[in-house]
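Enquirer: Sequence first, then the predicted structure, then my questions.
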Amino acid sequence: MSTEKSPIPPETLRLPAPAPGWRREADVVVVGSGVAGLTVALRCEAAGLRTVVVTKARLDDGSTRWAQGGIAAALGEGDTPEQHFDDTLVAGVGLCDADAVRLLVTEGPGAVRRLIGTGARFDTEDTEEGGTEIALTREGGHHRRRIVHAGGDATGAEVSRALVEAVRAKAIPTIENALALDLLKDAGGRTAGITLHVMGEGQHDGVGAVLAPAVVLATGGMGQVFAATTNPPVSTGDGVALALRAGAEVSDLEFVQFHPTVLFLGPGAEGQQPLVSEAVRGEGAHLVDADGVRFMTGQHELGELAPRDIVAKAITRRMREQGTTHMYLDARHFGAEMWENRFPTILAACRAHGIDPVTAPVPISPAAHYASGGVRTDTDGRTTVPGLYACGEVACTGVHGANRLASNSLLEGLVYAERIAAHLVAGHAAAERSPAAAAERSSGPDNRHQTVREPVRTEVLQAAEDRFAVQRAMSEGASVLRSAASLRATAEALDALRAQAVEAKPAEPGVDTWQATNLLTVARVLTEAALAREETRGCHWREDHPERDDAAGARHIVVTLDAATHTPRLRPTSGTTFPPTRPHD
């Protein structure tokens, strides 16, 4: 681990891959098809920018569709953005960037209304005057009912449906089943596009390039770095790994939120686990142990609706005290009708695994859920690499701090996607008006997207089976409970995997080896950041440093990747001010 001050390595890393056999050109390429990516695409297309969407699975298979709870916004009577602001800062435990949060909560209500205008249909309820209004619920950390939801507990699916239908109606060009590989740059170090592999198109013939002066990463999370997660299989940290190889800063990667109530499927369960939404507790469900004792009582003023890090810690502590592998969520008092109407998705998932929440408590335990950190951006979504933007879970805007407030994720995706689009549209319009742009257009063939051979090192590929070794190491030593000893053991295991890959016969380039390599890259950075933060704060819990340390801990840990040695460079900031130091502008 190095703590050198230089924020950007002098060289760029790239994954071993065949040369691109085809190419497309655009003004903007958006990587990801969740709420953030599709919102950027729709806004850019509406302003006349040539936009291409690249997505790792099908267009409607983004992480957004798995979101159950809803979208937080100050839309209810008596609620205000200021109250939402306060709740967000409390959840972020001193590391939120206040300016970023204020933008989120003030622009949030309008963004939700524009989403409704796009076609999203949220649940409503009757008013005393005989009309209807948007139904609102509460979740952990919120002092008001401000969560809009759809289909009871299928908000993400409805948001995804509305945005996908809008993208298809606009005929925005889309490349599906495509894994983004690496960023392309021009002679000046600016973004010039991406390389990608279209899965199912053949091992070699599937590699191509989308050339564009602006690339927006909206690739979602990295939950698959752990053995048990609520994230879908595609969430392998590809966007963060791509950004690190390109020389971008990442921040706050140690703050991984473990959702406290994930359906417990057994001690050996791995991969994506069914989520039991926080909204279930928002409607009055209780957390109990095997004896039916409500152990959250007296631990926080909000009880079961305390911020997620507090609830996850309380569950884990209780499991350790009683020597058990899970706790329970008791909502039998809801009755069958409420379960069927308000939480049909969760009810079906429970029953599919032989559990009926109408008649029995639901076994639950924490699992990796959300990355509060990611690629470091300013409030317009700009990273430290010119022309590279990020929004949604892959980004770190400073909104979430040390722990995301429930249902702020979809809102952040909406608000910051719109901000990126507005910035790109304004920049494109200014460029089109400039004399230099006019001269370039009249001088002959368009050469704006010509890439050059910059100083590049080729990444060492991990074997496909290393994916599972990474997940086991991270779950054993860098999960909810962390210590210097556990994190060092994890770091040693990850370094050993890297050393084996260096010494072994080179792995064959392909989707499985690229993903395993991305997972290892993200895991190593996360572990080093967790080792460096010697305090307990938010969703980062150090058993050997159980107290919060505001004297040393009230700062962000910024990381870049040394291309020559493949080691993380850590650069703790001097405070919580968030926008990155930008070497361009």
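Expert: Yep, that arrived.

Enquirer: distance of the closest residue to residue 35 other than its chain neighbours from residue 34?
Expert: What sits nearest to residue 35 in space, not counting adjacent residues and going by Cβ to Cβ, 6 or more residues apart in numbering, is residue 413, at 4.1 Å. Glycine gets a C-beta too; all of them are placed from N, C-alpha and C. Residue 413 is 7 Å from residue 34, where distance means Cβ to Cβ, to the nearest Å.

Enquirer: Kindly report the same for residue 137.
Expert: 22 Å.

Enquirer: which of those two has more neighbours?
Expert: Under the criterion of other Cβ atoms under 10 Å, the comparison of residue 137 against residue 34 puts residue 34 first, with 32 against 21.

Enquirer: these two touch, right, the more buried one and residue 220?
Expert: Yes - between residue 34 and residue 220 there is a contact under Cβ atoms under 8 Å: 5.8 Å.

Enquirer: shared neighbours of the two, which are they?
Expert: Shared contacts of residue 34 and residue 220, defined by Cβ atoms under 8 Å, 6 or more residues apart in numbering, comprise 62-63, 392.

Enquirer: Can you lay out the residues you listed as TSV showing secondary structure, distance to residue 340 and pLDDT?
Expert: Formatted as TSV, the shared contacts of residue 34 and residue 220 follow (DSSP: H, G, I helix; E, B strand; the rest coil; distance: Cβ to Cβ, whole Å; pLDDT from 0 to 100):
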residue	secondary structure	distance to residue 340	pLDDT
62	coil	27	73
63	helix	26	75
392	helix	32	96
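
Enquirer: Just give the nearest non-adjacent residue to residue 328, would you?
Expert: In space, residue 328 is closest to residue 361, 3.7 Å off (Cβ to Cβ, 6+ apart).

Enquirer: same question, residue 506
Expert: Closest to residue 506 by Cβ to Cβ, 6+ apart is residue 461, at 6.6 Å.

Enquirer: any idea where the helices of the stretch 251-400 of the chain begin and end?
Expert: Ranges of helices in the stretch 251-400 of the chain, per DSSP state H, counting those that start in this stretch, are 278-282, 308-322, 335-342, 344-352.

Enquirer: out of these, nearest to residue 547?
Expert: Residue 547 sits nearest to helix 308-322 of all those, at 13.1 Å, using Cβ to Cβ.

Enquirer: Residue 537: what's it in contact with?
Expert: 93-95, 402, 548-549, 553.

Enquirer: Out of those residues, the closest to residue 58 would be?
Expert: Out of the contacts of residue 537, the member with the shortest distance to residue 58 (by Cβ to Cβ) is residue 402, at 34.2 Å.

Enquirer: Identify the residue spatially nearest to the closest one, adjacent ones excluded.
Expert: residue 538 (2.6 Å).

Enquirer: Likewise for residue 78?
Expert: Excluding its sequence neighbours, the residue lying closest to residue 78 (Cβ to Cβ, 6+ apart) is residue 144, at 7.3 Å.

Enquirer: I'd like to know how many residues surround the residue nearest to residue 35.
Expert: For residue 413, the count of nearby residues is 30 (other Cβ under 10 Å).

Enquirer: I'd like to check which residues are in contact with it.
Expert: With the criterion set at Cβ under 8 Å, 6+ apart, residue 413 makes contact with 34-36, 39, 64, 218, 391-393.

Enquirer: Quick one: buried ones out of those residues?
Expert: Buried subset of the contacts of residue 413 (neighbour count, 16 or more other Cβ atoms under 10 Å): 34-36, 39, 64, 218, 391-393.

Enquirer: which two in the residues you listed are spaced the farthest apart?
Expert: With Cβ to Cβ as the measure, no two of the buried ones among the contacts of residue 413 lie farther apart than 39 and 393, at 13.7 Å.

Enquirer: Tell me the one among the buried ones among the contacts of residue 413 nearest to residue 234.
Expert: residue 34 (10.5 Å).

Enquirer: That closest one and residue 529: what is the separation?
Expert: To residue 529, residue 34 is 25 Å away according to Cβ to Cβ.

Enquirer: before we move on, the earlier item: what about the buried ones among the contacts of residue 413, which are in strands?
Expert: Among these, no member falls in strands (DSSP state E).
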